[in-house]
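Peer 1: missing the sequence, but the structure's below:
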């Protein structure tokens with residue numbers, strides 16, 4: 001049965017992608033979608049090149065072998081062949097570079113953003129500051145996962161929901177809104193990464209990196225620190241909840257009211 005599953009997954013890309021996540025996620029932001037499109041474009045180009053190259057090799061091995069009397073061609077160099085194998089790769093590279101350059105320009109364009117979220121990496125948690133709304137909080141791995149991961153905890157991690165991928169404070173962001181994310185760190189280099197949002201950049205002490213997201217679909221999206229930052233690097237999950245603008249403004253009001261109540 002296990003062998004059959006492996007064969008079926010190999011023959012069916014959709015099954016393999018669903019079960020094993022063999023492909024990158026399409027994502028829910030313009031940047032993640034364009035990254036996926038370029039990824040697939042280059043993948044298909046390499047598939048065609050692979051078929052042509054290995055097909056030519058296989059044909060030559062079968063029909064030009066010595067055992068059937070094939071005679072090797074006698075020549076030292078060919079200007080025509082050298083021009084062909086220089087021009088064709090050049091055209092392919094230019095064809096790949098044009099959409100890739102457009103994508104990079106798009107990814108770096110943080111202009112006209114409506115919300116600015118500052119993210120600071122710590123060993124080993126994240127701090128989120130909504131600069132326009134004066135909301136700030138820390139987000140770290142949830143208590144249930146943290147207890148279960150301890151040596152000899154006696155807890156079955158298979159029974160822990162979203163084990164190592166859940167947090168105590170979720171980042172809430174509105175959909176259909178351009179959000180500028182500023183990234184920095186307090187101690188060592190971290191990296192903020194949520195695959196479905198299409199962003200992964202280093203958070204460097206004393207330096208500000210930036211990216212932007214415009215989430216088109218409500219939902220919960222999970223990520224983690226993607227830069228080795230110390231012994232608890234593997235326990236810095238990220239959870240982003242995308243909600244409608246109305247729900248987002250309600251959430252902001254609740255956070256602001258809680259802050260006022262704490263300060264009294």
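Peer 2: Thanks, I have the structure now. Just so you know, these numbers come straight off a predicted model, no measurement behind them.
Peer 1: name the nearest residue to residue 140, ignoring sequence neighbours.
Peer 2: residue 125 (3.7 Å; CB to CB, 6 or more residues apart in numbering). From N, CA and C alone the C-beta is placed, and that goes for glycine too.
Peer 1: my guess is the one you found contacts residue 137. True?
Peer 2: No. In this structure, residue 125 is not within contact of residue 137 by CB atoms under 8 Å, at 10.3 Å.
Peer 1: looking at those two, which one has more neighbours?
Peer 2: residue 125 (21 against 16; other CB atoms under 10 Å).
Peer 1: for the spatially closest residue to residue 235 that is not a sequence neighbour, give me phi and psi.
Peer 2: Distances taken as CB to CB, 6+ apart place residue 141 nearest to residue 235, at 4.9 Å, with adjacent residues excluded. When read as degrees, to the nearest 10, the backbone of residue 141 gives phi -60, psi 140.
Peer 1: residue 141: what's it in contact with?
Peer 2: Shown in contact with residue 141 (CB atoms under 8 Å, 6 or more residues apart in numbering): 124-125, 164, 166-168, 235-237.
Peer 1: for it, name its beta-bridge partners.
Peer 2: Under DSSP bridges, the beta-bridge partners of residue 141 are residue 167.
Peer 1: where do the helices sit along the stretch 101-250 of the chain?
Peer 2: 143-148, 245-263 (DSSP state H, counting those that start in this stretch).
Peer 1: the last one packs against which elements?
Peer 2: When contacts are defined as 3 or more CB pairs under 8 Å, 6 or more residues apart in numbering; DSSP states H and E, helix 245-263 packs onto strand 135-139, strand 171-174.
Peer 1: go with 10 Å
Peer 2: strand 125-130, strand 135-139, strand 171-174, strand 237-243 (3 or more CB pairs under 10 Å, 6 or more residues apart in numbering; DSSP states H and E).
Peer 1: so which of those strands is nearest residue 83?
Peer 2: Residue 83 sits nearest to strand 237-243 of all these, at 50.7 Å, using CB to CB.
Peer 1: and the closest one, what other elements does it pack with?
Peer 2: Packed next to strand 237-243, using 3+ CB pairs under 10 Å, 6+ apart, are strand 125-130, strand 135-139, strand 171-174, strand 190-194, strand 219-225, helix 245-263.
Peer 1: as a markdown table, the ones you listed with mean pLDDT and distance to residue 45 would be great.
Peer 2: What follows is the helices and strands packed on strand 237-243, written out as a markdown table (pLDDT from 0 to 100; distance: least, CB to CB, whole Å):
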| stretch | mean pLDDT | distance to residue 45 |
| --- | --- | --- |
| strand 125-130 | 97 | 38 |
| strand 135-139 | 96 | 40 |
| strand 171-174 | 97 | 35 |
| strand 190-194 | 96 | 26 |
| strand 219-225 | 95 | 29 |
| helix 245-263 | 89 | 40 |
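Peer 1: quick check: domain ranges of the chain?
Peer 2: Per automatic domain parsing, the structural domains of the chain span 2-108, 115-263.
Peer 1: highest mean neighbour count out of those?
Peer 2: Per-stretch averages of neighbours, counted by mean count of other CB atoms under 10 Å, single out domain 115-263 among the domains of the chain, with a mean of 17.
Peer 1: rewinding a little: what residues are shared contacts of residue 125 and residue 137?
Peer 2: Jointly contacting residue 125 and residue 137 under the rule CB atoms under 10 Å, 6 or more residues apart in numbering are 168-169.
Peer 1: circling back: isn't the residue nearest to residue 140 right next to residue 142, touching?
Peer 2: No. Residue 125 is beyond contact range of residue 142, at 11.5 Å (criterion: CB atoms under 10 Å).
Peer 1: shared neighbours of those two, anything?
Peer 2: Common neighbours of residue 125 and residue 142 (CB under 10 Å, 6+ apart) are 167-169, 237.
Peer 1: which one of those residues is nearest to residue 59?
Peer 2: residue 237 (51.1 Å).
Peer 1: what's the weakest-modelled helix or strand in this protein?
Peer 2: helix 2-11 (a mean of 42; mean pLDDT, DSSP states H and E).
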